[in-house]
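**Student:** Sequence isn't available, so here's the structure alone:
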Ligand code: F1P
């Protein structure tokens, strides 16, 4: 899927090779803490990274908006590793956060798309995602490729730190290698997803809910919708709904729920019931064959069964497609949304 800033990152049936990141592997493996800084969509990828690093590598992770981090006085130690994620590699806030952490002795790892951009030049090592030139301003391929790299790193670190035993490590790699085929499968539902977009294109507000590693996917789904269609959208951890957003729910509110089968499944089913009890419209992204949610939700979008660690990579796809079609149907320019720039360099 790409190469590190100085070598290839790849995956085969049983192993992950992290190319040039190998140089900083001892630092990463022994890190007391990983800080991930990013902005926008890249920040959502960072949040997925937090869940995966903590779950599989058992390293404490802090995710920070670079735009906040750079202006406060954070505690940074020499045994911290700071991972900077940026599609453009030029985001001024992310660059400033790196420079600050570097001065304080932290090891800096980058995950960037644009080869030779400013952020890679300030890092000790890193990965180019080679997600191709994004024609549009809003990140889509960048998100999935950033999450893929973070997933590979989490598995690799888990292996090296002894928190992932052999069998599970192999199973997780196998799951990752199946992702491209599963995404192709989801894309076959494009017409069905377009019909859902048609139903909700005139909404003025929307809610996105997810739990665990799918919470950041809810944030990303909401961001995609607001960025390109200008519909107000909020992403929330599903369990937080009762602490406020539930007040917004009525028959005009589409609620997108990430509800694939994982350890939070029972809880997410009850969140869907809570929304339905208030007449909200539920569009649920579910595991293929799920009959329980089919009976509750207004629409279900099925994704192939997968291990929960790779669910972000699959479940974000239908949300990106819904946003795309809603924006097109509202006559918005999806490639060049108003007020947004591809690289935010100031
Ligand atoms: C961060 C970002 C993008 C967003 C838009 C503005 O950019 O917020 O996520 O889609 O392009 O910038 P980057 O640091 O990932 O290049």
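**Tutor:** Cool, the structure landed. Remember, predicted model here, so these are calculated numbers, not experimental data.
**Student:** Could you give the number of residues near the closest residue to residue 79 other than its chain neighbours?
**Tutor:** If the residues on either side of it in the chain are set aside, residue 79 comes closest to residue 32, at 5.0 Å by CB to CB, 6 or more residues apart in numbering. To be clear about C-beta, it is placed using only N, CA and C from the backbone, and glycine gets the same treatment. Close neighbours of residue 32, defined as other CB atoms under 10 Å, add up to 11.
**Student:** can you check residue 191 too?
**Tutor:** When neighbours are counted by other CB under 10 Å, residue 191 comes out with 7.
**Student:** what does the stretch 201-346 of the chain have sitting close to the ligand?
**Tutor:** Residues of the stretch 201-346 of the chain lying close to the ligand by CB under 6 Å from any ligand atom are 340, 342-344.
**Student:** If we use 8 Å, what do you get?
**Tutor:** With CB under 8 Å from any ligand atom as the criterion, the stretch 201-346 of the chain meets the ligand at residues 223, 227, 340-344.
**Student:** Which pair in those has the greatest spatial separation?
**Tutor:** Greatest spatial distance among these (CB to CB): 223 and 343, at 17.2 Å.
**Student:** those strands in the stretch 1-150 of the chain, which residues are they?
**Tutor:** 2-4, 7-11, 16-17, 33-38, 61-65, 80-86, 107-112, 125-128 (DSSP state E, counting those that start in this stretch).
**Student:** Would you single out the least confident of these?
**Tutor:** Among these, strand 2-4 carries the lowest mean pLDDT, a mean of 53.
**Student:** which residues sit against the longest helix anywhere in the chain?
**Tutor:** Taking DSSP state H as the criterion, the chain has its longest helix at helix 166-187. By CB atoms under 8 Å, 6 or more residues apart in numbering, the residues outside helix 166-187 that reach it are 11, 13-16, 56, 148, 151-152, 155, 158-159, 164, 303-304, 306-307, 309-310, 313-314, 317-318.
**Student:** hmm, back to that, what are the phi and psi values at the residue nearest to residue 79?
**Tutor:** Backbone geometry at residue 32, expressed as degrees, to the nearest 10, gives phi -80, psi -20.
**Student:** OK, now which residue of the stretch 1-150 of the chain is nearest to the ligand?
**Tutor:** residue 40 (2.0 Å; CB to the nearest ligand atom).
**Student:** and residue 118, how many residues sit next to it?
**Tutor:** 19.
**Student:** Can you tell me the closest non-neighbouring residue to residue 338?
**Tutor:** Using CB to CB, 6+ apart, the closest residue to residue 338 is residue 230 (7.5 Å).
**Student:** list the contacts for the residue positioned nearest the centre of the chain?
**Tutor:** Nearest to the mean C-alpha position of the chain, counting by CA atoms, centre = their mean, stands residue 45 at 3.5 Å. Listed by CB under 8 Å, 6+ apart, the contact partners of residue 45 are 38, 85, 111, 143, 146-147, 150, 216.
**Student:** Try it again at 10 Å.
**Tutor:** Counting by CB atoms under 10 Å, 6 or more residues apart in numbering, residue 45 makes contact with 36, 38, 63, 85, 87, 111, 129, 139, 142-150, 216, 220, 312, 316.
**Student:** Check residue 119 too.
**Tutor:** 84-86, 88-91, 94-95, 97-98, 108, 110-112, 126.
**Student:** how far does stretch 79-90 stretch from start to finish?
**Tutor:** 26 Å (CA to CA, to the nearest Å).
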